[in-house]
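Novice: my questions are about this predicted structure, shown below with the sequence.
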Amino acid sequence: MIHPIPSGTRDVLPDEMREMRAITEALRGVFEGRGYGEVYTPALEYEEVLARAELSDASPAYRVFDETGAVLVLRSDMTVPIARVVASRYGSARPPLRFCYFAHCYRGVRPQRGQQRELLQAGIELIGSAAPQGTAEALGVLCEALAATGLEGYRVGLGDASLYPALMAALDVPEQTRAVLLDALARRDFVELERALELAGLASEEAAGLLLSVPQRRGGPEVLSDLPGPAAEAAGGMRMVHELLQPEVAERVIFDLGLTRSLGYYTGAVFEVYDPALGAPIGGGGRYDELLGRFGRPLPAVGFALGVDRLHIALAGEERGTGVRLAR
């Protein structure tokens, strides 16, 4: 008899669990070695608390009611709960604060798309360290952690969440159109982006051309040159981060001026991890300098999360293709 489990979830059996544990222990060793203390927060949070993050594009996967009738939701990531922890438990602590975590998160997805509803994430949050130094530290920890697991072929896409909104504002894109353009960009759907620009009724073809061409720039530091004014400021920030990176980290970075992430709290640098062995990002993160203020303690912050399941698949793919061994 086959007894079903909820869509978007799965059972992990002993052989795979040993491999997953080896991955998380390798990551934990790097995080702790770099001064990041491990925290764990409740899987359930009050909806009214998480609503402070204003994540209109990330609906909770599950809602339940407690004995008083208050609405509880399963966390969709760990960044927002850690922001709550910092405001409520570290109100007078001197920054920077460094936290790491290994926790299951829950996302509302369409079951037919084959996406995970329950996912194990490993990540860090660096609270109170401004750009570019804080961003460079997070990228350094990210690359050191991936190297510790044995991943070899990965690259890190680096962009800036403020670039495209600034460009749209400077080119007088109608407010009602901006969300449509950002949604197409987040899905990397440049056909839809071009169609939306045609319907936007912009004042000039030059403006539409910039809005379509700039986010398709991807490559080395040369893609940061000759950008229009509003985009140049974000490019300058990326260039400063790049200059602070150790050579072994800098060589992993690919500048991606169209990179944006679906969670709405990112304010500056954003990044994603790619590997040829996997057709989707292994993880990502970025700066969220305004989120802590919504919980009562304004501090700059940056962090990232890795999908442990995806990292495991990428390692297995590299092992088949290049002989890299999974730790046992």
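Specialist: Great, that's in hand. No experiment lies behind these values; they were computed from the predicted model shown.
Novice: burial of the closest residue to Glu248 other than its chain neighbours, as a residue count?
Specialist: Distances taken as Cβ to Cβ, 6 or more residues apart in numbering place Cys143 nearest to Glu248, at 7.0 Å, with adjacent residues excluded. Where C-beta positions appear, they are placed from N, C-alpha and C, glycine not excepted. Neighbours of Cys143 under the rule other Cβ atoms under 10 Å: 23.
Novice: pretty sure Cys143 sits against Glu251.
Specialist: No. When contacts are counted by Cβ atoms under 8 Å, Cys143 is not listed as touching Glu251 (9.5 Å).
Novice: return the distance of the helix or strand hosting Ala138 from the chain's centre.
Specialist: Assigned by DSSP states H and E, Ala138 belongs to helix 133-149. Here the centre of helix 133-149 is set off from its chain's centre by 14 Å, with Cα atoms, centre = their mean, to the nearest Å.
Novice: average pLDDT across that helix?
Specialist: Helix 133-149 shows a mean pLDDT of 98.
Novice: same check on stretch 318-326?
Specialist: Rounded mean pLDDT across stretch 318-326 is 61.
Novice: mind listing the helices for this structure?
Specialist: Remark: helices assigned in the chain by DSSP state H are 14-33, 47-50, 79-89, 133-149, 163-170, 175-186, 190-199, 205-213, 229-244, 247-250, 291-294, 308-322.
Novice: switch those helices over to TSV; also include distance to Phe102.
Specialist: Formatted as TSV, the helices of the chain follow (distance: least, Cβ to Cβ, whole Å):
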stretch	distance to Phe102
helix 14-33	6
helix 47-50	20
helix 79-89	13
helix 133-149	12
helix 163-170	32
helix 175-186	27
helix 190-199	36
helix 205-213	40
helix 229-244	26
helix 247-250	23
helix 291-294	21
helix 308-322	8
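Novice: Val39 is nearest to which of these?
Specialist: helix 79-89 (6.6 Å; Cβ to Cβ).
Novice: who's in contact with the closest one?
Specialist: 39, 41-42, 45, 49-50, 53, 55, 75, 93, 97, 99, 101, 125, 127, 263, 265, 288, 291-292, 294-297, 299, 301, 303, 305 (Cβ atoms under 8 Å, 6 or more residues apart in numbering).
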